[in-house]
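Engineer: based on what follows, work out the 3D shape:
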Amino acid sequence: NIAVANPPYGVDWKGFEKDVKSDETGRFHALPSISDGQFLFTQHILSKLDNDNGFGVIVHNGSTLFSGDAGSGESNIRKYFFDNDWVEALIQMPQDEFFNTGIYTYLWVFNKNKPANRKDKVILIDGSNHWELLKKSKDMSSSLYIKNTSFLQLYMSFIIISSYIIFFLIFLIPPFSIVL
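Structural biologist: Now for the predicted structure:
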């Protein structure tokens, strides 16, 4: 089964705190900061994916990569994803993906049944320069389209070119390796 999602960024879950904390489904391994519920959505989605063939792509802003000190809810959630070897790729998107904001967004690509050659590896791809802004028409806002698909080909073929690696994630824990 497949899931594609774009959870809201920076939306607090204070109004749902009692329900989330008393949840008995086991879908929440850890709880993020009350001010940003993105990882609640992600944990819920992953809990619904089949363990034999579950695949998901979730659009997040940078806070899911960098927020939370070691041992915090966010840090423990990331660790849980990587310990289970569910993160197959992180792809940086362009700044102008959403209207009226210049934030970077990232595609978290989850695969609950990675092929053997991708086990314990995470593909890091900079897709931020592979887009062009379309011209506005009188009834449309600007939107982005893929300029070339080389970064998608890297993901699909598992061919790694070092110029596409964008950052080293300090929360990756051995035995995970960064593919260079």
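Engineer: packing partners of the helix or strand hosting residue 110?
Structural biologist: Secondary structure assignment for residue 110, by DSSP states H and E: strand 105-111. Where contact means 3 or more Cβ pairs under 8 Å, 6 or more residues apart in numbering; DSSP states H and E, strand 105-111 is packed against strand 55-61, helix 63-66, strand 87-92. In short, each C-beta sits where N, CA and C put it, glycine included.
Engineer: which of those sits most buried?
Structural biologist: Each of those was scored by mean neighbour count; the highest is strand 87-92, a mean of 21, by mean count of other Cβ atoms under 10 Å.
Engineer: pull the residues that contact that one.
Structural biologist: 65, 81, 104-111, 114, 118, 122-128, 151, 155, 166, 169 (Cβ atoms under 8 Å, 6 or more residues apart in numbering).
Engineer: mind doing that once more with 6 Å?
Structural biologist: For strand 87-92, contacts defined as Cβ atoms under 6 Å, 6 or more residues apart in numbering pick out 81, 106-107, 109, 111, 114, 122-128, 155, 166.
Engineer: so which of the residues you listed is the most crowded?
Structural biologist: residue 125 (24 neighbours; other Cβ atoms under 10 Å).
Engineer: can you tell me the element that residue falls in?
Structural biologist: Element membership for residue 125 (DSSP H and E) is strand 121-126.
Engineer: partners of that strand, with directions?
Structural biologist: strand 87-92 (parallel), strand 177-178 (parallel) (DSSP bridges).
Engineer: can you check what angle separates that strand from strand 105-111?
Structural biologist: 160 degrees (axes from the mean of the first three to the mean of the last three Cα atoms, to 10 degrees).
Engineer: the closest residue to residue 103 other than its chain neighbours: what's it in contact with?
Structural biologist: Of all residues not flanking residue 103 in the chain, residue 61 sits nearest, at 5.3 Å (Cβ to Cβ, 6 or more residues apart in numbering). Applying Cβ under 6 Å, 6+ apart to residue 61 gives the contacts 9, 103, 105.
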